[in-house]
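Undergrad: Build me a model from this:
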Amino acid sequence: MAEKAELKPASIEANSPFDMRVHLGDDVPETDVRSALASGDMGFLHSFTTGSAVDGPGIRVVAWTTGCMWRCMYCHNPDTWTMRNGIPVSVTRAAEQLRKYRYGLKVMSGGLTISGGEPLMQDRFVAKLLAEAKGMGVHTSIETNGYYGERLTDAELGSIDLVMLGIKAWGDERHKHLTGREHGPTLDFARRLAALRRPVWIRFVLVPGLTDDPADLASIARFAAGLGNVERVEVLPFHQLGRYKWQKLGIPYKLQDQEAPTAEAADRAVAVFRAEGLTAY
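TA: Residues are numbered from 1 along each chain as shown. Take a look at the predicted model:
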């Protein structure tokens with residue numbers, strides 16, 4: 001099945017995760033999709049991108065998965081919400097793609113980051129690909145919302161060098177408004193990572209009028225500081241680079257006229273995290 005499914009005109013590599021990619025896995029039968037997800041022998045990828053300096057330490061290769069259970073109002077890649085928009089890719093093929101860069105990644109103190117979408121919707125594929133990367137001596141990271149963190153065993157978490165955890169908002173009501181889901185599972189996953197002493201970077205998207213409430217920022221900062229394993233916090237200013245995807249996909253976009261935060265607003269948010277003793281940027 002995997003060999004047949006991979007006969008696709010689209011390249012596994014892309015210049016940017018902002019490239020629009022849709023319907024690349026539509027011809028894979030539903031039974032094959034379920035089998036692949038259960039075994040992890042095949043996954044669905046939006047693309048591989050190379051040379052990233054913003055998705056973990058050093059210079060990274062990033063595997064962008066498709067499929068996400070959240071519907072973040074500010075998502076810049078809504079084409080990754082649907083798993084079948086991705087290219088069906090076997091673990092073997094994905095590992096071969098990574099192997100081409102393994103020496104350069106070591107020289108540049110980089111590695112592999114698996115992002116999305118939400119990688120843990122394809123947890124078995126992700127676990128197998130990370131194991132392949134570790135076998136090459138490549139640094140491993142996942143960027144996740146943590147909602148399905150329980151799908152990874154402690155041993156599997158032990159093979160991940162860095163977890164980049166997105167905390168979107170504070171409080172279930174605000175979080176549901178922003179993402180469509182409650183934030184309890186994300187916080188539970190953060191606590192589990194702390195108990196296992198796994199390195200974590202927190203990522204927080206700053207949207208004026210939506211995620212910039214000072215009290216909420218302070219709550220997130222106190223929570224992160226109390227974990228004891230958070231190496232840094234990244235405050236990511238909202239942008240409109242993915243707006244065209246919402247338009248092309250015909251999805252109503254509530255942030256059409258939303259402005260980016262000012263540099264001063266971003267600095268204030270960073271200061272809240274630093275006030276709790278965290279390294280923040």
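
Undergrad: can you pull out the strands in the stretch 151-281 of the chain?
TA: Assignment of strands within the stretch 151-281 of the chain using DSSP state E, counting those that start in this stretch yields the ranges 162-166, 200-206, 230-237.

Undergrad: The first one pairs with which strands?
TA: Its sheet considered, strand 162-166 pairs with strand 139-144 (parallel), strand 200-206 (parallel) by DSSP bridges.

Undergrad: In a helix, M73, correct?
TA: No - applying DSSP: H, G, I helix; E, B strand; the rest coil, one finds M73 to be coil, outside a helix.

Undergrad: for this structure, what spans make up the helices?
TA: 2-5, 30-39, 91-99, 102-107, 123-135, 154-158, 172-179, 184-196, 214-227, 243-249, 263-275 (DSSP state H).

Undergrad: The fifth one - contacts with which helices or strands?
TA: It stands for helix 123-135. In this structure, helix 123-135 packs against helix 30-39, strand 42-52, strand 60-65, helix 91-99, strand 111-115, strand 139-144, with contacts taken as 3 or more Cβ pairs under 8 Å, 6 or more residues apart in numbering; DSSP states H and E. In short, each C-beta sits where N, CA and C put it, glycine included.

Undergrad: I'd like the strands of the stretch 151-281 of the chain as TSV, with mean pLDDT appended.
TA: Shown next, in TSV, are the strands of the stretch 151-281 of the chain (pLDDT from 0 to 100):
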stretch	mean pLDDT
strand 162-166	98
strand 200-206	98
strand 230-237	98
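
Undergrad: Now mean neighbour count and distance to A127 too, for those, in CSV please.
TA: Compiled in CSV, these are given as follows (neighbours: other Cβ atoms under 10 Å; distance: least, Cβ to Cβ, whole Å):
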stretch, mean neighbour count, distance to A127
strand 162-166, 22, 13
strand 200-206, 22, 18
strand 230-237, 19, 23
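
Undergrad: Let me have those strands in TSV, extended by distance to A53.
TA: Shown next, in TSV, are the strands of the stretch 151-281 of the chain (distance: least, Cβ to Cβ, whole Å):
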stretch	distance to A53
strand 162-166	14
strand 200-206	14
strand 230-237	13
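
Undergrad: of all those strands, which lies closest to G43?
TA: Nearest to G43, of all the strands of the stretch 151-281 of the chain, is strand 162-166, at 18.8 Å by Cβ to Cβ.

Undergrad: what sits against W70?
TA: By Cβ atoms under 8 Å, 6 or more residues apart in numbering, the contact list for W70 reads E118, N145, Y147, T179, G180, R181.

Undergrad: Report the contact partners of the first one.
TA: Translated: E118. Taking Cβ under 8 Å, 6+ apart as the test, what E118 contacts is T65, G67, C68, M69, W70, T144, N145, Y147, Y148.

Undergrad: switch to 6 Å and redo it
TA: C68, N145 (Cβ atoms under 6 Å, 6 or more residues apart in numbering).

Undergrad: what's the neighbour count on the residue nearest to R243 when sequence neighbours are not counted?
TA: Excluding its sequence neighbours, the residue lying closest to R243 (Cβ to Cβ, 6 or more residues apart in numbering) is Y253, at 6.5 Å. By the measure other Cβ atoms under 10 Å, the count of residues near Y253 is 19.
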